[in-house]
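Engineer: Any chance you could fold what I've pasted below:
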Amino acid sequence: MPGKETAPRSGDELKERVVALAETLGLKAQTEVKAGRRLWGQRRYIDVVITDEKSGKRLGVECKFQATPGTAEEKIPATIQDMEHWPIEGIVVIDGKGFSKNMQGYLMSTGKVVWFSDLKDWLSLYFGL
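Structural biologist: Numbers count the residues shown, from 1 in each chain. Reported below is the predicted structural model:
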């Protein structure tokens with residue numbers, strides 16, 4: 001599994017690291033951006049919206065961290081489905097050693113999930129940097 005000494009240690013820290021990484025690439029990042037409502041009426045917020053101000057291209061990012069095995073990973077498929085209703089493209093950035101091998105395989109197969117350690121390269125390709 002990817003990981004480095006500087007890897008995030010919580011979901012909030014992961015979100016902060018995504019913002020910091022985007023900004024080092026010259027991109028604008030906003031957190032907790034309102035994006036309509038879910039089916040049952042609850043407000044939908046996107047963890048981080050990254051914008052290339054030169055091109056206007058945007059990307060929504062949900063941040064999911066799991067340090068130990070548990071059920072948090074089981075919520076990610078629903079997040080991926082929810083992203084289909086966003087007004088912009090989106091991905092899920094994950095980190096932590098708690099994701100099961102089976103879930104890791106599923107998540108990578110969706111094409112919508114990126115390890116934090118791979119995010120710089122992914123954003124560079126997406127935004128043409």
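
Engineer: Now stretch 108-123: average pLDDT?
Structural biologist: Computed over stretch 108-123, the mean pLDDT rounds to 94.

Engineer: got the contact list for residue 23?
Structural biologist: Contact analysis of residue 23 by CB atoms under 8 Å, 6 or more residues apart in numbering lists residue 29. For the C-beta atoms, the positions are set from N, CA and C on the backbone; glycine is no exception.

Engineer: Pull out the buried residues from the helix or strand harbouring it.
Structural biologist: Using DSSP states H and E, residue 23 maps to helix 11-24. Going by neighbour count (16 or more other CB atoms under 10 Å), the buried part of helix 11-24 is 11, 14, 15, 16, 17, 18, 19, 21, 22.

Engineer: now swap in stretch 27-44 and tell me
Structural biologist: 27, 29, 31, 33, 35.

Engineer: immediately after the helix holding residue 23, which helix or strand?
Structural biologist: Following helix 11-24 in sequence order, the next helix or strand is strand 28-37 (DSSP H and E).

Engineer: Same list, the buried residues of helix 11-24, but as CSV with pLDDT please.
Structural biologist: Shown next, in CSV, are the buried residues of helix 11-24 (pLDDT from 0 to 100):
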residue, pLDDT
11, 77
14, 95
15, 95
16, 96
17, 96
18, 97
19, 97
21, 97
22, 98
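
Engineer: so can I have TSV of the residues you listed showing distance to residue 95?
Structural biologist: Output for those, formatted as TSV (distance: CB to CB, whole Å):
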residue	distance to residue 95
11	9
14	5
15	11
16	12
17	8
18	10
19	14
21	12
22	15
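
Engineer: For this structure, just list every one of the helices.
Structural biologist: Along the chain, the stretches classed as helices by DSSP state H are 11-24, 76-83, 101-109, 119-127.

Engineer: May I have stretch 101-110 as CSV, with CA atoms only?
Structural biologist: Listed next in CSV are the C-alpha coordinates belonging to stretch 101-110 (Å, rounded to 0.1, in the frame of the first residue of the first chain):
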residue,chain,number,x,y,z
LYS,A,101,-7.2,-5.6,0.3
ASN,A,102,-10.6,-6.5,-1.2
MET,A,103,-11.9,-2.9,-0.8
GLN,A,104,-8.6,-1.5,-2.2
GLY,A,105,-9.1,-3.6,-5.3
TYR,A,106,-12.7,-2.5,-5.7
LEU,A,107,-11.9,1.2,-5.1
MET,A,108,-9.1,1.2,-7.6
SER,A,109,-11.3,-0.5,-10.2
THR,A,110,-13.8,2.4,-10.1
